[in-house]
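Student: 3D, please:
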Amino acid sequence: DDVDDLARKVDDGREPPPVVVSHRADELHLEDGNHRVEAVRRAGGDHVWAVVAFDDAEARDGFVERTRLDG
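Tutor: Here you go, the predicted structure:
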């Protein structure tokens, strides 16, 4: 299937396009990219690039600050 095809490409070194994630209620929600995430998992990976959307600048800034403190 398409996911297996992409998983083989990832296993061969191809990096899929970023997934789209939204930040709501202090949680990250995958909006677009389910097949890419599954393909990376099948290829043994555990990280993907993501574009994250926030409701407003305050939510974004709070997320960035918490990430810096946790990281």
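Student: Pull out the buried positions in stretch 48-63.
Tutor: For stretch 48-63, the neighbour count (16 or more other Cβ atoms under 10 Å) marks 48, 50 as buried. Bear in mind the C-beta positions are built from the backbone N, C-alpha and C, glycine included.
Student: so how far is it from its chain's centroid?
Tutor: Distance, stretch centre to chain centre, for stretch 48-63: 12 Å (Cα atoms, centre = their mean, to the nearest Å).
Student: Stretch 62-71 too?
Tutor: The chain centroid and the centroid of stretch 62-71 are separated by 17 Å under Cα atoms, centre = their mean.
Student: With stretch 25-40 instead?
Tutor: 5 Å.
Student: so for it, what's the average pLDDT?
Tutor: The pLDDT scores in stretch 25-40 average 96.
Student: Give me the helices and strands touching the lengthiest helix in the chain, please.
Tutor: With secondary structure taken from DSSP state H, the chain has its longest helix at helix 57-70. In this structure, helix 57-70 packs against strand 19-24, strand 50-54, with contacts taken as 3 or more Cβ pairs under 8 Å, 6 or more residues apart in numbering; DSSP states H and E.
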